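Peer 1: Quick one, what's the 3D model for this:
(2 chains)
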Amino acid sequence: MMKTQSGTYTRETDQKLMTGADLFIQSLVEADVETVFGYPGGAVLPIYDALHKAQGSFQHILCRHEQGLIHAAEGYARVTGKPGVVIATSGPGATNLITGITDAMMDSLPVVVFTGQVSTAVIGSDAFQEADVIGLTTPITKHNYQVNDIKDLPRIVKEAFHIATTGRKGPVVVDIPKNIAQEITQEEYDTAFKLSGYQPTTKPNPLQIRRLAEQIEAAEKPLLLAGAGIHFADAADELKTFAERHHLPVANTLLGLGSFPGSHELSLGMAGMHGSYCANMAIYECDLLINIGARFDDRLTGSLQHFAPRATIAHIDIDPAEIGKNIETRIPVVSDAKEALLALLATDTKTKDRTTWLMETLTNKKENPFWFKRSDELISPQWLIESIYEKTGGEAIITTDVGQHQMWAAQFYQFDQPHKWVTSGGLGTMGFGLPAAIGAQLGKPEETVIAIVGDGGFQMTMQEMAVLRQYNLPVKVVIVNNEALGMVRQWQETFYEERYSSSLMTDNPDFIKLAEGFGVKGLRVARETEVAAVMEEMLAYDGPVLVDARVQKLDKVFPMVAPGKGNHEMVGVRRCRG
Amino acid sequence: MQRIITATVQNTSGVLNRITGMLSKRGFNIESITVGTTESPGISKMTFVVAVPDEKKVEQLTKQLNKQIDVMKVNDITEKAIVQRELALIKVGNSSAARAEIQSVIEPFRARVLDVSRDSLIIEVTGKPDKIAALVDLLHPYGIKEMTRTGVTAFPRGKQPGQIQEFSLSI
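Peer 2: Got it, this is the predicted structure:
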């Protein structure tokens, strides 16, 4: 008989009997789960009963909508590197998770989702709260399982955590029919993996490392492009050592921000559609582009024919399918980012004098910074972000929704450390910021967590404010309120002759009253002169705060690479000499 | 270009769905898929015939297949010396006058008549897809009422002529 902390119980005989649900809870404990984001319902009642009996084994966080659960789990995974765990019921519980599972898939986040299912006897009969979770989640998961026999349950839970957290990380769904959770057993089951087809490559091929080292020696204008793979591999230190040793300027992808210190002199900041002039021009001009842990997303590359046209492309990625998918690659390295960097550092690659190239890129950096217009009265949204940066000393964990405020946060909050930046990159999910901040705060209770959200996105998941109060999470929510779906409005202004079709939100609720209704402190700020004081008050307050920051409504995100254009064809670049 | 790709997979529920879903999501044009059990219990083999525009797309296809947790091995065997077979059942209209003629048409193809009724014949033929296509072509004048083809299943031959580069993911 297996031991459990408190999940076993005794019937009238001496034999210890467990339900499938007890076995499940025990499997979570054995997987070192500390926090679970969950929402009960009919099909998971046995699991919630087992949870009740096993209280204290781990923390259970009740969000207010399943989308809140999954984004919270993503935020948790992003800042801790540990898997985010979700429990939801069958049918609507499961379908409400779909957006977040897709988001986790696009951004390779290790999330393990357990969904209830109707009993096996009625699967396929359109039973109450039945949905084909396996069919629905197959295209949006790294893998999924339906447990059809209690003896498979412990193994499947173990495999699910293994798959989610190894190789290219990603979401795994385990669908548990109610009768399996209710079944009573006293046997011990084999948990040996049955994963003979799953052996991710983590160490680089020495031949490719040697080829890459030779290219680095030969290159006149080499450039590093660092993506989220650096975060996942915990390779920020190795990246810094490598860049410094070979005098390599570093551009980041959106999700790679913080993997190389933003304040480092070799940092060129974010590249791509709203990236910096210096990063985009370095990609255009370089003769060797070393991509570590990024997937050449279209928002990064712009027009493929103009992407790094003179460069030899080297691509280090743990997922072989990403290499050569979008960009033809001369030097493919299938590897964990850290292993590849360690292998590169172990070569005796000569360091070359690259003063000319560095002068060129660093002059671009100095002369073409991100810019914005200050007004004396209304708050410039970019300046608001800068104020948050200054008041937090650049140390806070920042989560965002998607749109203008997200790009401004990426541009004006300089990340010097990894695991501080939590944003929805691939899927671009509005409503991500608040629940992700909840997960991040639970994962890092000692750190300041700020959700920078838009007035549009916030309203997609604002019910999660209740969670801040319930668990007294000191998350600070800053609504960059321009009374519009700003990025939609910006595109309508730029590409649709100012026809603002359904993008203006002039009838927003009173966010302060809303905050108060949730038992959260609300602060409003509408003038530049008041921003500093409000930010200080927000940060000093011991508990959750919502700030409704009324910003200039018509600001646009610049610079910008228009769709179909090359990265060198940015508009909205402002030159400042001196 | 047409490619023949085989995949050895763990025979779990949903594996076919996962693979065909991936192929359709990523826009691969599948001409046929066959699936069947192998000599090892719990292991199945799939054979895909796909139409792809270029090498890059084939590479993506094999990589994406390999990425599936239940997929153990993927081989692009198009360039190899292979044995490939497909089975077709063809129902043709039957007048007694034509019956003997049909028999003589199918004989060189080593096809067989499985069923005879007053107004139709069911013919079974096994072979490479082009052989089946040739027979279908010859049977057309007699009126094909119904036809079903299984799709190709294939093996590399025991002995390969010279050194043929195997598609490898050792990058």
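Peer 1: I'd like the next helix or strand past the lowest-mean-pLDDT helix or strand in chain A.
Peer 2: One helix or strand of chain A scores below all others by mean pLDDT, DSSP states H and E: strand A:9-10, with a mean of 46. Note on strand A:9-10: by DSSP states H and E, the next helix or strand toward the C-terminus is strand A:16-19.
Peer 1: Pull out the buried positions in that following strand.
Peer 2: If you call a residue buried by 16 or more other CB atoms under 10 Å in any protein chain shown, then strand A:16-19 has these buried ones: A:Met18, A:Thr19. Quick note: C-beta positions are derived from backbone N, CA and C, even for glycine.
Peer 1: Just checking: what are the partner strands of that strand?
Peer 2: Using DSSP bridges, the strands paired with strand A:16-19 are strand A:9-10 (antiparallel), strand A:184-185 (antiparallel).
Peer 1: other SSEs contacting the lengthiest strand in chain B?
Peer 2: Determined from DSSP state E, the single longest strand within chain B is strand B:82-93. Counting by 3 or more CB pairs under 8 Å, 6 or more residues apart in numbering or on different chains; DSSP states H and E, the packing neighbours recorded for strand B:82-93 are strand B:120-127, helix B:129-139, strand B:144-149, strand B:153-156.
Peer 1: Quick one: name the residues of chain B near chain A.
Peer 2: Chain B has residues B:9-10, B:13-14, B:17-18, B:21-22, B:25, B:56, B:59-60, B:63-64, B:66-73, B:169-171 near chain A, with proximity defined as CB under 8 Å from any CB of the partner chain.
Peer 1: Would you mind checking these for buried ones?
Peer 2: In the residues of chain B next to chain A, the ones that pass as buried (16+ other CB under 10 Å) are B:9-10, B:14, B:18, B:22, B:59-60, B:63-64, B:66-72, B:171.
Peer 1: ok, back up a step: from the residues of chain B next to chain A, which land in strands?
Peer 2: Among the residues of chain B next to chain A, the members falling in strands (DSSP E) are B:Val9, B:Gln10, B:Val71, B:Met72, B:Lys73.
Peer 1: Any stretches of the chain with poor pLDDT?
Peer 2: Because you didn't say which chain, this covers chain A. Applying pLDDT under 70 to chain A flags the ranges A:1-15, A:577-578.
Peer 1: Can you look at chain B instead?
Peer 2: Residues of chain B that meet the criterion pLDDT under 70 lie in B:163-171.
Peer 1: Domain-wise, how is it divided?
Peer 2: Chain B breaks down by automatic domain parsing into domains covering B:2-76, B:83-153.
Peer 1: Off-centre distance for the longest one?
Peer 2: The gap between where domain B:2-76 is centred and where its chain is centred comes out at 13 Å by CA atoms, centre = their mean, to the nearest Å.
Peer 1: got the end-to-end distance for it?
Peer 2: Chord length of domain B:2-76, first to last residue, is 11 Å (CA to CA, to the nearest Å).
Peer 1: Same check on the shortest one?
Peer 2: Counting by CA to CA, you get 9 Å between the two ends of domain B:83-153.
Peer 1: if I look at the spatially most central residue of chain B, how far off is chain A?
Peer 2: Central residue of chain B (CA atoms, centre = their mean): B:Val152, 1.1 Å from the mean position. Distance of B:Val152 to chain A, computed by CB to the nearest CB, to the nearest Å: 23 Å.
Peer 1: unless I'm mixing things up, that residue is touching B:Thr34, no?
Peer 2: Yes. Counting by CB atoms under 8 Å, B:Val152 touches B:Thr34, with 6.7 Å between them.
Peer 1: what sits in contact with each of these two?
Peer 2: Common neighbours of B:Val152 and B:Thr34, counting by CB atoms under 8 Å, 6 or more residues apart in numbering or on different chains, are B:Thr47.
Peer 1: packing partners for the lengthiest helix in chain A?
Peer 2: If you go by DSSP state H, chain A has its longest helix at helix A:66-80. Judged by 3+ CB pairs under 8 Å, 6+ apart, helix A:66-80 is in contact with strand A:35-38, strand A:84-88, helix A:92-95, helix A:98-106, strand A:111-117, strand A:421-422, helix A:433-443, helix A:455-461.
Peer 1: Not counting its own residues, what contacts the third one?
Peer 2: Identification of contacts with helix A:92-95 by CB under 8 Å, 6+ apart yields A:39, A:41, A:43-44, A:66, A:88, A:115-116, A:129, A:131, A:133, A:136-137, A:175.
Peer 1: which one of these has the most neighbours?
Peer 2: Using other CB atoms under 10 Å in any protein chain shown as the neighbour test, the contacts of helix A:92-95 are led by A:Thr115, with 30 neighbours.
Peer 1: Just to check, that residue is in contact with A:Pro177?
Peer 2: No. Taking contacts as CB under 8 Å, A:Thr115 lies outside contact range of A:Pro177: 10.1 Å.
Peer 1: Could you say which of the helices and strands packed on helix A:66-80 is packed most deeply?
Peer 2: Most buried of the helices and strands packed on helix A:66-80, by mean neighbour count (mean count of other CB atoms under 10 Å in any protein chain shown): helix A:433-443, with a mean of 30.
Peer 1: still on that earlier bit, include distance to A:Thr356 when you put the domains of chain B into a markdown table, please.
Peer 2: Below are the domains of chain B laid out as a markdown table (distance: least, CB to CB, whole Å):
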| stretch | distance to A:Thr356 |
| --- | --- |
| domain B:2-76 | 35 |
| domain B:83-153 | 58 |
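Peer 1: Contact residues of the stretch 51-200 of chain A facing chain B?
Peer 2: A:134-135, A:138-139, A:142-144, A:146, A:148, A:163, A:194-198.
Peer 1: and the residue of chain B positioned farthest from its centre, what does it touch?
Peer 2: Here chain B reaches farthest from its C-alpha mean at B:Ala97, the gap being 33.9 Å by CA atoms, centre = their mean. If you count contacts by CB under 8 Å, 6+ apart, B:Ala97 has none.
Peer 1: can you give me the angle the strand or helix carrying it makes with helix B:129-139?
Peer 2: In the assignment (DSSP H and E), B:Ala97 maps to helix B:96-106. Helix B:96-106 and helix B:129-139 are oriented at 160 degrees to each other (axes from the mean of the first three to the mean of the last three CA atoms, to 10 degrees).
Peer 1: following helix B:96-106, which helix or strand shows up next?
Peer 2: Past helix B:96-106, the next helix or strand by DSSP H and E is strand B:112-116.
Peer 1: between that next one and strand B:82-93, what angle do the directions make?
Peer 2: Angle of strand B:112-116 versus strand B:82-93, following the same axes, to 10 degrees, is 30 degrees.
Peer 1: quick check: longest helix of chain B.
Peer 2: Chain B, longest helix under DSSP H: helix B:55-67.
Peer 1: helices or strands up against it?
Peer 2: strand B:2-10, helix B:15-25, strand B:71-76.
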